[in-house]
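**Student:** Below is the structure, and that's it, no one-letter string:
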């Protein structure tokens, strides 16, 4: 049976290592990153089609620009050359090599891009998502599907039309959050179709990847004294959370429906059946389950049903874990191999779950995801939890962004993972302002393990190892390291498959650097070569962040500093030896929370005025339910069976926020998705349990809003935020009107016939809970004015006064400084005037807080001065 180690669950570090090798000085030069941003935002509308594959094949891309290159599916050679020049000019390339490279690239772009690739792709059929203007259907058609089929037929040749039915080309039709179809087309056909009347846009298929207990108590949802307003079991709430993932393992105790009332009346979904999944697997907890695979099969061929469940059943484990984190029922004595012993429960144990299986061994395809969102909204979900991402595209080219816009219009709260591209800047995915973007942080629980070097020298790391191959603490085992002692990964030290010599490592503890391959796979490589233990050392890319794994042999992960010490000892000490000891579970770890090193970072280069991520939530070492088909390490050689597993990734933090959003929706059913997100953001905290500012695990230094957004989620405060920043669907559309999109590009968001009323002076005027002011590159612009409106959801009569942190580069003035509310749901507006004193070369961070003596409504403030060109 094929098994997959997902990048988020075991944090495959390939991209991180590539970034590490090329980030100096590029990754640290904010000035040039903003220059790139300026190029994109200024020239986006003029770019013409070129192939990203060609771009990747002709240059060595600084990995910090990975999101940029995933976005450049459209570019003019001149603009693209400017972008390449700005990126290479701050690198270590010689000048003559730079000029030659850029000229050569430009020549290739001009002469090659419309020849080789066009020939290759013009004939082959693949899935395209076709968005239609539903209102443009002629009266001669009886239904929309008939009209869609006629459009497909109109672009196919007569020969092909006679050989296959046009409906066979259509793999999905979309009717709720999105209007149109997914169809099999050649590139030529797709280009012709885009010109047809009634066709709004045509998107190529995109592959998304998954972004991969103590947390309820850590978040205050299950305090020991049970006095929390959340402590009552909300078993009668009708909130339904749709989870788009790898499916669900229905036998898990986390999905027990004991004590639940009947399925909510507004639920219109289905319980689809298939291999090992029947109607009885749905219940009053799992109210629905669907499966989506047509896009995947169109790209990858038929699913081998011996290897994968072509049904909602979860073979991978990821979907079961995220669903249980959102809304799992309480399960006593939950643990992984004895670690993290306690009661496992989701954030919203009284809410219902609808599972939408969209991810397979080969990835998650956009046409399947879009169909799942469309069905979920029609089915009646209140919250969508989506722990996956696929790079960054412009808002109008991102099918998930467009679908989530449609979901938001229907009142559905959409939460997505920020991605595991940290600690590099500009590594975020899912940045649309109507999506709540969630980064990852640690909790105050850890799984310590010790590397004992003898003579009183011991180093603490982490591990989830529990097995029969234990090392004696009374003896030392030979220690071997085949690399050099540096923070930069050494190919000889990465313990990749086939790289270890059994004669060198047999019977020894092997030191391996993180990078390239999954961490647990390194343990398998050491085990296969005859090693008796593993010490996994962080490099500069990971810093001191420690993520525990369930290895197949005794293994301890240590931070960069400890790793250097151990490697130095192994390289300089004759007969170096050590042993490993495992200490179980420890609580009360300080400091916590800490922003995870892998958590993707801002700024949001699509729109600097929209601060992303929105907030962080627990995403490191999270215990939740697991598939009965997959071992805890996800390795094909791991035959251990566990009911719960511990995973890390923004895939784990996203469902925490989705679950708390479900709690808020149950308590405040009239709140909009924007109001819920506002409550979560304005009550988030920015200090750890030592009362110091939140820290970044990759550097040990204080994190910024580009790392943690508004801060760490605080459910206890979120239920009563005092004020909220509400945003309507039309407001979001007005934001898009500021983004230099053409009328046709705007139309992809206008299925309700929306038009620009130009109510926003700029993107910064969107009524977002975070405030990001961007001064243009013109030095003459000294003043910016932004506007916000708050809605009173607290006591009817209340008086708020404002406090703003000082900034080195400017003065922030708020008018009025006092807000006097006389009724509940009353709206009052205020103006923010920012005046430059001294333009800063890097952004400045601060906060704006409205206080009434009970509530503190906090907004992060970021001021950015774009550098003159």
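**Tutor:** Cool, got the structure. Quantities reported herein were computed from a predicted structural model and do not represent experimental measurements.
**Student:** Output the below-cut-off pLDDT ranges for the chain.
**Tutor:** Low-confidence segments of the chain, defined by pLDDT under 70, are located at 1-123, 157-167, 212-236, 485-489, 751-752.
**Student:** Distance of residue 433 relative to residue 800?
**Tutor:** 24 Å (C-beta to C-beta, to the nearest Å). The way it works is simple: take the backbone N, C-alpha and C, and place the C-beta from them, glycine included.
**Student:** same question but for residue 434, I mixed them up
**Tutor:** Distance from residue 434 to residue 800, counting by C-beta to C-beta: 26 Å.
**Student:** Who has more neighbours out of residue 433 and residue 800?
**Tutor:** The residue with more neighbours, out of residue 433 and residue 800, is residue 433; 30 against 24, by other C-beta atoms under 10 Å.
**Student:** ok, for that one, nearest residue in space, not its chain neighbours?
**Tutor:** Of all residues not flanking residue 433 in the chain, residue 610 sits nearest, at 4.9 Å (C-beta to C-beta, 6 or more residues apart in numbering).
**Student:** Make sure the one you found is actually in contact with residue 765.
**Tutor:** No - if you go by C-beta atoms under 8 Å, residue 610 and residue 765 don't touch, sitting 11.3 Å apart.
**Student:** Now do the helices in the stretch 201-350 of the chain.
**Tutor:** Taking DSSP state H, counting those that start in this stretch to define them, one finds helices in the stretch 201-350 of the chain at 215-218, 294-300, 318-327.
**Student:** List the buried residues in the second one.
**Tutor:** Buried residues in helix 294-300, counting neighbours by 16 or more other C-beta atoms under 10 Å, are found at 294, 295, 296, 297, 298, 299.
**Student:** who's in contact with it?
**Tutor:** 126-127, 171-172, 182, 184, 205, 207, 303, 360, 362-368, 371 (C-beta atoms under 8 Å, 6 or more residues apart in numbering).
**Student:** Could you list which of these belong to strands?
**Tutor:** Secondary structure from DSSP state E places 126, 127, 171, 172, 182, 184, 207, 360, 363, 364, 365 of these in strands.
**Student:** The second one: how many residues sit nearby?
**Tutor:** I take that to be residue 127. 25.
**Student:** what do you get for the last one?
**Tutor:** One way to gauge burial is a neighbour count; for residue 365, by other C-beta under 10 Å, it gives 28.
**Student:** nearest spatial neighbour of it, skipping sequence neighbours?
**Tutor:** residue 295 (3.8 Å).
**Student:** Regarding the spatially closest residue to residue 816 that is not a sequence neighbour, which helix or strand does it belong to?
**Tutor:** Closest residue in space to residue 816, ignoring its immediate chain neighbours: residue 830 at 6.3 Å, by C-beta to C-beta, 6+ apart. Per DSSP states H and E, residue 830 falls inside strand 827-836.
**Student:** Please name the strands paired to that strand in the sheet, noting orientation.
**Tutor:** Strands that pair with strand 827-836, judged by DSSP bridges, come out as strand 783-792 (antiparallel), strand 810-815 (antiparallel).
**Student:** Make TSV out of those strands and add distance to residue 401 and mean neighbour count.
**Tutor:** Formatted as TSV, these follow (distance: least, C-beta to C-beta, whole Å; neighbours: other C-beta atoms under 10 Å):
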stretch	distance to residue 401	mean neighbour count
strand 783-792	24	19
strand 810-815	31	17
